[in-house]
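Asker: Predicted model and sequence below, questions to follow.
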Amino acid sequence: MSKTMKALVLDEHGDLDRLHVVADKPVPAVSAGHVVIRVGASSFNYHDVFTVNGMPGIKVPLPVVIGLDLAGTIREIGEGVEGWEVGDRVLINPLKPDVGLMGEMVDGGMAEYALVDARQLIRLPAAVSFEQAAALPVAYGTAHRMLITHKTVKAGDRVLILGASGGVGTACVILAKLLGAEVIACAGSDEKGERLKALGADHVINYRDTDFSKWAIGKYGKPQRRTHEGGVDVVINFTGGDTWLPSLKCIKRGGTLLVCGATAGHDPKEDLRYVWSFELNIKGSNSFYEDNLVGLLDLIAEGKIDPIIDRVLPLEQAAEGLALIRDREVLGKVVVTP
């Protein structure tokens, strides 16, 4: 094994031009309780854009190799690690115990090698590729917890998904269809809408020229206070901002507004009258756990789902891939193979 490696490094916060690929970063030395992984694939999330820009209240120890999601093969095993062997294929839970996220508080997956706490290792089924596995943790894990762990969607539900073309959004489309829901997917272009239909979405809305709330009311009727007629059963909203109040207006009595983030603003205009008048449920869901990732790997191995990957890029083009995510020009995940 070489003593140096290629890696995508962030030296200081700013725009994406602060990212650069180096070819001489030292390969991490194995330590007690850890393993060194030869990265097979890594993937980006919108969180990586925030990491590059800098987030209030989070002090990232720079320089850092970015990339939360990764899968690969164990190359070295440190003292005290049991149950694993060199050559084992693994998915990495991005959350390092007692430290924080990989790619933020410690070096992440956009490199040829990564040092990983053995407690983060999840065995990879033979039927699951590195690219499929690397697409999972943050986006699909978040969606799995929100829909399946919390049991928020059932067969026959009308589920409206905002931001349906991104990583979390496409995961929600796939899982909601798996659960038997009628899916309304909102995206920012007709082209994305057609691709979401091909994924199984029953209806698509281009939110740039159509008010999603008015569309839902026109399609299903205005929600009623005394009956359960009209509206949708569930709105999945991780955008916040100006989309929050319109979301409340199109949910049926007793329906649910699911939230796991707020990419467009965390302090939206609110109208509590809709919450009490229509007996709405506001359900938060935070992150993911190991059981979510194991469950997703099983679903892939069983042929029930296949993560949506927009493109696979070499490490040298990784920053370009993150720019596509920032500019919302992809459908699903951008995967990098270092």
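Answerer: Yes, it's here.

Asker: CA atoms for contacts and neighbours, from now on please.
Answerer: Noted.

Asker: Number of residues surrounding Pro262?
Answerer: Rather than Pro, residue 262 is Ala. Close neighbours of Ala262, defined as other C-alpha atoms under 10 Å, add up to 16.

Asker: I'd guessed it sits against Phe238; true?
Answerer: Yes. Taking C-alpha atoms under 8 Å as the definition, Ala262 is a contact partner of Phe238 at 4.9 Å.

Asker: can you list the domains in this structure?
Answerer: In terms of domains, the chain is parsed into 4-135+307-337, 140-284 (source: automatic domain parsing).

Asker: For the first one, what is the distance to the chain centroid?
Answerer: Mean-position distance between domain 4-135+307-337 and its chain equals 14 Å (C-alpha atoms, centre = their mean, to the nearest Å).

Asker: Average pLDDT for it, rounded please.
Answerer: Across domain 4-135+307-337, the average pLDDT comes to 97.

Asker: next one: stretch 174-191
Answerer: In this model, stretch 174-191 carries a mean pLDDT of 97.

Asker: Can you pull out the residues in contact with it?
Answerer: Applying C-alpha atoms under 8 Å, 6 or more residues apart in numbering, the set of residues contacting stretch 174-191 from outside is 143-144, 147, 153-165, 173, 193, 196, 199-208, 212, 304-305.

Asker: and those, which are buried?
Answerer: Among these, the ones that count as buried by 16 or more other C-alpha atoms under 10 Å are 143-144, 147, 153-154, 157-165, 173, 193, 196, 200-202, 204-207, 212, 305.

Asker: just checking, which of those belong to strands?
Answerer: Within those, residues falling in strands by DSSP state E are 158-161, 204-206.

Asker: Identify, from these, the entry nearest to Asp69.
Answerer: If you rank these by distance to Asp69 using C-alpha to C-alpha, Ile161 comes first, at 23.4 Å.

Asker: Just confirm the closest one contacts Gly169, I think it does.
Answerer: Yes. Applying C-alpha under 8 Å as the test, Ile161 and Gly169 come out as touching, 6.9 Å apart.

Asker: re earlier: mind putting the domains of the chain into CSV with distance to Ile300?
Answerer: Below are these laid out as CSV (distance: least, C-alpha to C-alpha, whole Å):
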stretch, distance to Ile300
domain 4-135+307-337, 7
domain 140-284, 12
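
Asker: Select, out of those, the one closest to Asp291.
Answerer: domain 140-284 (9.0 Å).

Asker: ok now the closest one, how far from the chain's centre?
Answerer: With C-alpha atoms, centre = their mean, you get 17 Å for domain 140-284.

Asker: Now do the end-to-end distance for that domain.
Answerer: 16 Å (C-alpha to C-alpha, to the nearest Å).

Asker: swap in stretch 267-279?
Answerer: End-to-end distance (C-alpha to C-alpha), stretch 267-279: 22 Å.

Asker: Residues contacting that stretch from elsewhere in the structure, which ones?
Answerer: With contact meaning C-alpha under 8 Å, 6+ apart, stretch 267-279 is reached by 223-225, 240-242, 244-245, 248-249, 252-255, 280-281.

Asker: Of those, grab the buried ones for ChimeraX.
Answerer: Of the contacts of stretch 267-279, the buried ones go into a single ChimeraX selection, burial set by 16+ other C-alpha under 10 Å:
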select :223,225,240,241,244,245,248,249,252,253,254,255,280,281
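
Asker: Which of the contacts of stretch 267-279 sits closest to Val35?
Answerer: Comparing those against Val35 with C-alpha to C-alpha places Gly240 closest, at 39.0 Å.

Asker: Identify the residue spatially nearest to that closest one, adjacent ones excluded.
Answerer: What sits nearest to Gly240 in space, not counting adjacent residues and going by C-alpha to C-alpha, 6 or more residues apart in numbering, is Ala262, at 4.6 Å.

Asker: and the one you found, which of the three is it?
Answerer: Three-state call for Ala262 (DSSP: H, G, I helix; E, B strand; the rest coil): coil.

Asker: Who are the contact partners of it?
Answerer: For Ala262, the contact set (C-alpha under 8 Å, 6+ apart) comprises 237-241.

Asker: circling back: would you mind putting the ones in strands among the buried ones among the contacts of stretch 174-191 into a markdown table with pLDDT alongside?
Answerer: As requested, these are exported to a markdown table (pLDDT from 0 to 100):
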| residue | pLDDT |
| --- | --- |
| Arg158 | 98 |
| Val159 | 98 |
| Leu160 | 98 |
| Ile161 | 98 |
| Val204 | 98 |
| Ile205 | 98 |
| Asn206 | 97 |
